[in-house]
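Engineer: output the structure for:
(chains A, B and C)
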Amino acid sequence: MPELPEVETIAGVLNNGANDQPPLPGCVILEARLLWERSLAQPAPEVFRRQIAGQSIHSVGRRGKFLVFSLSQDVLLIHLRMSGDILVERGDTPIPSHARLLLHLDNGWRFAFSDARKFGRVWLTKDAGQVLNSLGPEPFDEALTEHDFWLSLQRYHRQLKPLLLDQHFLAGLGNIYTDEALNLARLHPLMNSQKVTEEQASRLLHSIRAVLKEGILRNGASIDWVYRGGDFQNYFRVYRRTGQPCPECGTLIERLIVGQRGTHYCPQCQDLPE
DNA sequence: CACGAGACCTGTTCGC
DNA sequence: TGCGAACAGGTCTCGT
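Structural biologist: All right, here's what the predicted structure looks like:
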């Protein structure tokens, strides 16, 4: 479910707190409860419970679509996948129906990893790199230049959309922001990455950064039954807008399946060469 | 290497 | 109204 802007928004709220919840940094984890053990990727459940108890939370960050919690001894990593969310509620409130992991905090509040579809995963490790090192660059990394981006596109002979979704290539894009970025860059989702010109690559990188930036500015998108305050869904150019007019030219948005993902694009603005 | 299908899961929406 | 199919913000593994 969440992509870079949503995860960034969640990390920000957890780190700084909000009107209805305190910030996590400074809290001590008293006890962990695993309600669905398969959500735990690493280590074994007993080890996890023993090891995390007593650790304090130093900060909450993000790498790609991973939430990164720096604890006093270890790093807690959470990937929300399709339906995951983090809820921080008072300890005496009812346990959320899809809670998979609960952390009881020393301030009387309770941290819950909620995940209806059970695709999300949790790691507790001393070496976050072991999990995160295979990720591609952060889209906003200044070291990622337009020229580098073009060269990396040249290294593959793949359809643009599946390549952008590949977290080893670039970290953070998901189905929404990939469709949005390709439309803004006026590139067809099936275009071969090797055929992208240097000028088009530059346009694509700018578009990726623009849609992610706007997503973050609007606190992410809230669609389906998962609502967390963001309103980027009201500004989609093509995503889930099949049959509606393209904001640029008015041509009706079309939908096709690419790499088994629903894909939305403007057949006029995003034409497929040859 | 690149692509498609299947798996992992539950809940909502669509179409007849 | 009812019911099965389709669909959903992700990623891994396997076969061709």
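Engineer: what residues does the stretch 1-150 of chain A put near DNA strand B?
Structural biologist: Within the stretch 1-150 of chain A, the residues that sit near DNA strand B (Cβ under 7 Å from any atom of the strand) are A:R38, A:S83, A:S97, A:H98, A:A116, A:R117, A:K118, A:F119. For the C-beta atoms, the positions are set from N, CA and C on the backbone; glycine is no exception.
Engineer: of those residues, buried ones?
Structural biologist: With burial judged by 16 or more other Cβ atoms under 10 Å, the buried subset of those is A:S83, A:H98, A:A116.
Engineer: let's have the residues you listed in a markdown table, adding secondary structure and pLDDT.
Structural biologist: Below are these laid out as a markdown table (DSSP: H, G, I helix; E, B strand; the rest coil; pLDDT from 0 to 100):
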| residue | secondary structure | pLDDT |
| --- | --- | --- |
| A:S83 | coil | 95 |
| A:H98 | coil | 97 |
| A:A116 | coil | 96 |
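Engineer: could these be laid out in a markdown table, adding distance to DNA strand C?
Structural biologist: A markdown table is the format used below for those (distance: Cβ to the nearest atom of the strand, whole Å):
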| residue | distance to DNA strand C |
| --- | --- |
| A:S83 | 7 |
| A:H98 | 13 |
| A:A116 | 8 |
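Engineer: list the contacts for the residue in the stretch 151-274 of chain A that DNA strand B sits nearest to?
Structural biologist: Taking Cβ to the nearest atom of the strand as the measure, the stretch 151-274 of chain A has A:R158 as its residue closest to DNA strand B, at 3.3 Å. A:R158 is in contact with A:N192, A:S193, counting by Cβ atoms under 8 Å, 6 or more residues apart in numbering.
Engineer: how near is it to A:N15?
Structural biologist: A:R158 sits 36 Å away from A:N15, going by Cβ to Cβ, to the nearest Å.
Engineer: who in the stretch 151-274 of chain A is up against DNA strand B?
Structural biologist: So the stretch 151-274 of chain A meets DNA strand B at A:Y156, A:H157, A:R158, A:Q159, A:P162, A:L163, A:N192, A:D224, A:W225, A:V258, A:G259, A:Q260 (Cβ under 7 Å from any atom of the strand).
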